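Q: Sequence and predicted structure, then a few things I'm wondering about:
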Amino acid sequence: MRHGPAALLLSAALAVVAGVTSPAWPRHPDLDADTRSGEHARGSAATTDPGSPSMELALEAPPRPQGIPWDRLDARAYDLVREVVVGALVEREVRDIAFRSRPAVFEFLLDHPDFAADVARALRQGKYRLRRVGDAYEADDGRGARGWLTPVFAAPGRRLFHLAGRYDPPLLPALSGRLVVLLDSEHVEGPDGVTYCAMRISGFLKLDSPFTEALARVAQSFSEAQVDRRVRRFFRHVAAVSRRAYDDPEGLAELVAGRPELPPELAAEFRSLIVAHLPPPWAERQRFRLLEAAPLWGPQE
């Protein structure tokens, strides 16, 4: 389906924040084909034609969304998050994203998103870069989007991020915007005995652009599926590395060891973490057999 200049403008606006941390990932059955997504848009009107979803976006302040840990945010984080959520042009939620993962590895990658991005590039799963500067990360996706990623809340199973970025698309005006992303995760054991990370992502997008009102009108005809894909791509590099660590820990440890550009201390900690559940090498070389022991009591022959 072809989109006119207005739709392209909205797509570029979404790339401000989604593109800052999300490269064009290939489809993976764990994250796309085999997942079911639940989504919502604030102010959405009822869809009359199932094949042509419509969105009527209101710009009034929404109620405080469920899930955001407002009472656990400091004053600065509270203001950053509230300003985006109250003025959000678009809200999206994607549910039931599942992939193979171990909790300790997943949390390590979320604690070090710059390292996760470096490993993802080594795995040829992305091109963008994150560089830590103080408590935030400078981000560049290599496709015209640049900005800052700031973690504002971290607890086991829940993360909250604030993103601010600028996108300079060819033949279109530069656009800037902010995004608040709430990431909820839970590790569960599947019926196949495999541990999966079930992830839910909520995104709140606010555009800092004089074209906001025009973009809101364009949004009524913009495909919800495209917004869904943008949200789904958030932190997919973490999922890809976590899945690889689950499937091939020794191979990934060897790859990380052979990458001198990775921070040595983090690389060593990561290698130890992803192979911690494996038996030591000497155990695989030893042969054991049970011996018949003499009874502890009773008559001896």
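A: Yep, that arrived.

Q: all helices for the stretch 1-150 of the chain, in order.
A: 5-21, 75-86, 103-111, 113-122 (DSSP state H, counting those that start in this stretch).

Q: so for the second one, what's the average pLDDT?
A: When pLDDT is averaged over helix 75-86, the result is 94.

Q: Low-confidence regions, this structure specifically.
A: 1-66, 143, 169, 172, 209-234, 281-301 (pLDDT under 70).

Q: helix or strand right after the longest strand seen in the chain?
A: Looking across the chain with DSSP state E, the single longest strand is strand 175-189. Next along the chain after strand 175-189, taking DSSP states H and E as the criterion, comes strand 195-207.

Q: buried sites along that following strand?
A: 196-207 (16 or more other CB atoms under 10 Å). C-betas here are computed from N, CA, C, even on glycine.

Q: Tell me the strands beside that strand, with direction?
A: The strands that strand 195-207 pairs with in its sheet are strand 90-100 (antiparallel), strand 175-189 (antiparallel) (by DSSP bridges).

Q: can you put those strands in CSV and add mean neighbour count and distance to P151?
A: Listed next are the strands paired with strand 195-207 as CSV, based on neighbours: other CB atoms under 10 Å; distance: least, CB to CB, whole Å:
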stretch, mean neighbour count, distance to P151
strand 90-100, 20, 19
strand 175-189, 19, 10
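
Q: who wins for proximity to Y246 among these?
A: strand 90-100 (4.2 Å; CB to CB).

Q: That closest one versus helix 75-86: what angle between them?
A: Going by axes from the mean of the first three to the mean of the last three CA atoms, to 10 degrees, strand 90-100 is angled at 110 degrees with respect to helix 75-86.

Q: what comes up buried for stretch 259-271?
A: By neighbour count with 16+ other CB under 10 Å, stretch 259-271 contains the buried residues 262, 266-267, 270-271.

Q: Once you drop chain neighbours, what's closest to G147?
A: G165 (2.5 Å; CB to CB, 6 or more residues apart in numbering).

Q: so that neighbour bridges to which residues?
A: Those that pair with G165 in a beta bridge, by DSSP bridges, are G147, G177.

Q: How much space separates I201 from E269?
A: Look at I201 and E269: by CB to CB, to the nearest Å, they are 26 Å apart.

Q: The nearest residue to V238 once chain neighbours are set aside - how many residues pack around it?
A: Among residues not flanking V238 along the chain, L109 sits closest, at 4.6 Å (CB to CB, 6+ apart). L109 has 25 neighbouring residues, counting by other CB atoms under 10 Å.
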